[in-house]
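1. With the sequence up front, the predicted model follows.
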Amino acid sequence: MKITYDAGADALRILLRDAEARSRVEIEQGVTVDLDSEGHIMGVEILDAGQRLSPKELINMSYKNPLLASAPER
């Protein structure tokens, strides 16, 4: 997974899988999802991200790794 923010375009991109998108679906104005050939979500793009998210939310982007979270402690 890769999260990028382009300040010049004010666009936030969340890439779930690195593969070729076959189609894009706009789920609301300025928010699109990329789909593979089987209709699985591959990524999300949010335009005007600075208007939708606060600067603090953009700066503090993070994610938890579900594989590490479920791994037994040693």
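-> Yes, it's here.

2. So for this structure, the centremost residue is which one?
-> Geometric centre of the chain, nearest residue: residue 14, 1.8 Å, by Cα atoms, centre = their mean.

3. Bridged to that residue, which residues?
-> Beta-bridge partners for residue 14, by DSSP bridges, are residue 3, residue 44.

4. Offset the numbering so it begins at 895, please.
-> Done: numbering now begins at 895, and the last item shifts to residue 908.

5. OK, contacts around it?
-> Residues in contact with residue 908 (Cβ atoms under 8 Å, 6 or more residues apart in numbering) are 895-897, 937-940. (Glycine included, C-beta is placed from N, CA and C.)

6. what ranges do the strands span in the protein?
-> Secondary structure of the chain by DSSP state E: the strands cover 896-900, 905-909, 917-922, 925-929, 935-941.

7. just checking, what packs against the fourth one?
-> What that stands for is strand 925-929. strand 917-922, strand 935-941 (3 or more Cβ pairs under 8 Å, 6 or more residues apart in numbering; DSSP states H and E).

8. if you average pLDDT over that strand, what comes out?
-> Averaged over strand 925-929, pLDDT sits at 96.

9. quick one: that strand to chain centroid distance?
-> Computed by Cα atoms, centre = their mean, to the nearest Å, the chain-centroid distance of strand 925-929 equals 9 Å.

10. related to what we said a few turns ago, show the pLDDT at the residue nearest to the centre of the chain.
-> Residue 908 carries a pLDDT value of 92.

11. Then the one 4 residues further on?
-> According to the prediction, residue 912 has pLDDT 85.

12. ok, it - contacts?
-> Counting by Cβ under 8 Å, 6+ apart, residue 912 has contacts residue 896.
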